[in-house]
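**Student:** sequence and predicted structure below; questions after.
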Amino acid sequence: MSANPSSSVIAAFRVFQQELDTKHDKYERLVKISRDITIESKRTIFLLHRVTNVPDAEDVLNEADVKLDGVRQKIGHIAEELRGEDIFQFHRAFTPGIQEYVEAVSFLHYIRHRSLISLEEINARLVFMRTEKEDPKGSAEALPQGAHVLTFQVTPSDYLLGVADLTGELMRMCISSVGNGDIDTPFQLSQFLRQIHDGFSYIGNTGPYEVSKKLHTLRQSLGKVEDACYTLRVRGSEIPKHMLADVFSSRTTLIDPEEGVV
Amino acid sequence: MNKREGEGSSRKNVDSAQEQDMSANPSSSVIAAFRVFQQELDTKHDKYERLVKISRDITIESKRTIFLLHRVTNVPDAEDVLNEADVKLDGVRQKIGHIAEELRGEDIFQFHRAFTPGIQEYVEAVSFLHYIRHRSLISLEEINARLVFMRTEKEDPKGSAEALPQGAHVLTFQVTPSDYLLGVADLTGELMRMCISSVGNGDIDTPFQLSQFLRQIHDGFSYIGNTGPYEVSKKLHTLRQSLGKVEDACYTLRVRGSEIPKHMLADVFSSRTTLIDPEEGVV
C-alpha cells in the first residue's frame, strides 16, 4: 500500500509542490510589501491634512514628496517580483497598497494643482531603472548599457477605487479648512466632488463590485461638503469667523471611525 | 493621530483668535505634547506591524509542517518525516523567539491580536506531531517549556535554559490558555483527516483510537461551552462534525468492514466522506 517514492507520479507532484511553494512565497512577499505601502501612504495622507494648519505649506508638501518617493521605491520592489509573472495572479496581494498610494498621490496633486491627477501621470512616475549593479533611478531618459527598464502599471480599477477613497479625504480637508477660516476651499471642493460623483454615476454597477459601496460613501461625503457650503453661504454672514468651527463640530462628524492602522 | 493633532491645534487657536493670528504656534507645549504622542503611537503601530509579519511567517511554516505530517501514513519510513517536521518546528520556535524579543517590556495583550493566528497554528502543528509520536495530547506546560530562549550579549540564542552564562537574558514566551484551546480545536480537524487517510491506507486501528481521543476532547470542550473565548463556539460546531466523520468511519469499518476487502476500503470512504476541507491552503 505504501507509495513508491521514486515513481514518476510522485516526482511530478514534487515539481508541483515546488512551483506552488514558490508562488505562495512570492504572494506572501507581495502582501508584506503592500502592507508597508499602505502604512506609508496613510501616514503621508495624515501629513497632508496638516497643510491647512501651518503657515508654511511648502515644507509639508516637500516632506510628503519624500515619503511618496519612498513608497515608489517599494512599488519598484513589487515590479521586480512581478517580472515575468502574470500580474493578475498576484493582483489581490498588492491592490490595497496600490489603492492607498493612488489616494495619497492624488491628494498631493490636488493640494498643489486643484485638479485630479490622471492615470497616465501616475504610471509615468512608476518607471524604474535596474542596472547590473541594481542601482535604481527614477527617470527613464538615459538608458545605459545593460540596464533594464521596469514599469509598474496601475490598473484602471485600482485607480478608480483610489480616487473614490480620495473623496473621503477631500471631505475631511474641506471641514478642517472651514475650521481654519478658509471659506473658498469648500466651494471649490463642492464642485470638484460633484464632478467626480457624476463620473462615478456613469459607471454605476458596471465597474468592480467595490465601486457600489464607495459610491454610497461618496454621496455621503458630497452631502457633507454641500452642507458645509450651505452653512457658509446662507448662515455664514450671521456668524463670526472664529465661531464657525464650533458650528461645524456640532453638525458634522469629523472623524471617520475606520481611519487608523490596525 | 496626526490628523487629530492638526485639528486640535486649529480648534485651540480659533478659541484664542483675539490674541494671535490663525496659524498654530509650532513651539507651544500642546503641540510638543502631541508630537510625543505621535512618536509613541507610531512606534506602537510599527511594532504591531512587525508582529503581524512574523505571525504570518509562523502560520505559513506551521501549515507546511502539518501538510508534511499528513504524509506520515503514506511513506514506509515515518521517522524521516518526523525529523523533518522537528526541524521545521525548530525554525518556527526561532521566529517565536523574535516575537518574545519584540514583546520584551511590553503589555502582551496590547499586541495579542497580532500574533494569535500564528501561535494557534503553531500549537496545532506541535500537538499534531506530539500525537503522532505519543498518541496523547501535549499539555500547555510542555509547549511553554520549549519556548524558552537565551539571549546573550552577542545575541546568541539557545533553546535550553539550564546554563545561565553571565550577562545572558532568559526570554520566555507564554502561550495563553485561550490560544492553546483554539489550537487544539484546530488539531481535531487535522486528526479527522488523518483518520480518513489512514483508513485509505488499510490501517484499521487508528480510527478507533482517534474516535476515543476525539470524543474525550469533545467532552472537554463541552464543559467549557460558551464560557470561553467566543471562537470556541464555532470550533465546537466543527469539532462535532469531525467527530461525526470519524465515528462514521469506525462504524463502516466495524459493521460493514468484514464484507469489504482491504484494498476496496479506500473507495468506500471516498464516496461517503469529503476528504479535503475547502479552506485548507495558503492564501
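**Tutor:** Looks like it came in fine.

**Student:** now the stretch 1-150 of chain A against chain B: closest residue?
**Tutor:** The nearest approach of the stretch 1-150 of chain A to chain B comes at residue A:46, 3.9 Å away (C-beta to the nearest C-beta). No exception for glycine: its C-beta is placed from N, CA and C like everyone else's.

**Student:** now that residue: which helix or strand?
**Tutor:** Applying DSSP states H and E as the criterion places residue A:46 in helix A:8-49.

**Student:** I'd like the average pLDDT over that helix.
**Tutor:** For helix A:8-49, the mean pLDDT works out to 94.

**Student:** just stretch A:156-172 next, same as before
**Tutor:** For stretch A:156-172, the per-residue pLDDT averages 93.

**Student:** and that stretch, which residues are buried?
**Tutor:** A:158-172 (16 or more other C-beta atoms under 10 Å in any protein chain shown).

**Student:** what residues does the stretch 51-200 of chain A put near chain B?
**Tutor:** Proximity of the stretch 51-200 of chain A to chain B (C-beta under 8 Å from any C-beta of the partner chain) is limited to residues A:52-55, A:172, A:176, A:179-181.

**Student:** what's the farthest-apart pair in those?
**Tutor:** By the measure C-beta to C-beta, A:55 and A:172 form the most distant pair in these, at 20.6 Å.

**Student:** show me where chain A has its strands.
**Tutor:** For chain A, applying DSSP state E gives strands covering A:127-130, A:148-151.

**Student:** which stretches of chain A have low pLDDT?
**Tutor:** Chain A contains residues with pLDDT under 70 at A:1-5, A:53, A:131-146, A:237-262.

**Student:** for it, which segments count as helices?
**Tutor:** A:8-49, A:57-81, A:91-113, A:119-124, A:156-179, A:185-203, A:210-230, A:241-251 (DSSP state H).

**Student:** mind giving me the packing neighbours of the second one?
**Tutor:** Pointing back at helix A:57-81 there. helix A:8-49, helix A:91-113, strand A:127-130, strand A:148-151 (3 or more C-beta pairs under 8 Å, 6 or more residues apart in numbering or on different chains; DSSP states H and E).

**Student:** would you convert the ones you listed into CSV that also reports mean neighbour count?
**Tutor:** CSV is the format used below for the helices and strands packed on helix A:57-81 (neighbours: other C-beta atoms under 10 Å in any protein chain shown):
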stretch, mean neighbour count
helix A:8-49, 16
helix A:91-113, 21
strand A:127-130, 19
strand A:148-151, 13
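
**Student:** could I get the ones you listed as TSV with distance to residue A:214?
**Tutor:** Below are the helices and strands packed on helix A:57-81 laid out as TSV (distance: least, C-beta to C-beta, whole Å):
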stretch	distance to residue A:214
helix A:8-49	16
helix A:91-113	10
strand A:127-130	29
strand A:148-151	27
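
**Student:** tell me which of those sits nearest to residue A:222.
**Tutor:** So among those, helix A:91-113 is nearest, using C-beta to C-beta, at 15.4 Å.

**Student:** now do the closest one and helix A:185-203, the angle between them.
**Tutor:** In terms of direction (axes from the mean of the first three to the mean of the last three C-alpha atoms, to 10 degrees), helix A:91-113 departs from helix A:185-203 by 140 degrees.

**Student:** mind listing what residue A:44 touches?
**Tutor:** Shown in contact with residue A:44 (C-beta atoms under 8 Å, 6 or more residues apart in numbering or on different chains): A:64, A:67-68, A:71, A:104, A:108.

**Student:** could you rerun that using 7 Å?
**Tutor:** For residue A:44, the contact set (C-beta atoms under 7 Å, 6 or more residues apart in numbering or on different chains) comprises A:64, A:67-68, A:104.

**Student:** now the strands of chain A in CSV, with distance to residue A:223?
**Tutor:** Converted to CSV, those look like this (distance: least, C-beta to C-beta, whole Å):
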stretch, distance to residue A:223
strand A:127-130, 39
strand A:148-151, 39
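
**Student:** burial of the nearest residue to residue A:171 once chain neighbours are set aside, as a residue count?
**Tutor:** Take residue A:171 and drop its neighbours on the chain: the residue closest to it by C-beta to C-beta, 6 or more residues apart in numbering or on different chains is residue A:221, 3.9 Å away. When counting by other C-beta atoms under 10 Å in any protein chain shown, one arrives at 24 neighbours for residue A:221.

**Student:** off-centre distance for stretch A:170-190?
**Tutor:** Remark: stretch A:170-190 is offset 21 Å from the chain centroid, using C-alpha atoms, centre = their mean, to the nearest Å.

**Student:** and that stretch, what's buried?
**Tutor:** Per 16+ other C-beta under 10 Å, stretch A:170-190 contains these buried residues: A:170-183, A:185-187, A:189-190.

**Student:** ok, back up a step: pick the one among the buried residues of stretch A:156-172 closest to residue A:229.
**Tutor:** Among the buried residues of stretch A:156-172, and counting by C-beta to C-beta, the member closest to residue A:229 is residue A:171, at 11.8 Å.

**Student:** hmm, that closest one is touching residue A:219, no?
**Tutor:** No - counting by C-beta atoms under 7 Å, residue A:171 sits too far from residue A:219 to count as a contact (11.1 Å).

**Student:** how far away is residue A:13 from residue B:71?
**Tutor:** Going from residue A:13 to residue B:71 by C-beta to C-beta, to the nearest Å gives 11 Å.

**Student:** my bad, should have said residue A:162
**Tutor:** 45 Å.

**Student:** same question, residue A:157
**Tutor:** In terms of C-beta to C-beta, residue A:157 sits 41 Å off from residue B:71.

**Student:** so who does the residue nearest to residue A:171 touch?
**Tutor:** A:167-168, A:171, A:193 are the contacts of residue A:221 under C-beta under 7 Å, 6+ apart.

**Student:** mind redoing it with 10 Å?
**Tutor:** Residue A:221 is in contact with A:164, A:166-172, A:174, A:189, A:193, A:196-197, A:214, A:256, counting by C-beta atoms under 10 Å, 6 or more residues apart in numbering or on different chains.

**Student:** return the member of the residues you listed nearest to chain B.
**Tutor:** In terms of C-beta to the nearest C-beta, no member of the contacts of residue A:221 lies closer to chain B than residue A:172, at 7.5 Å.
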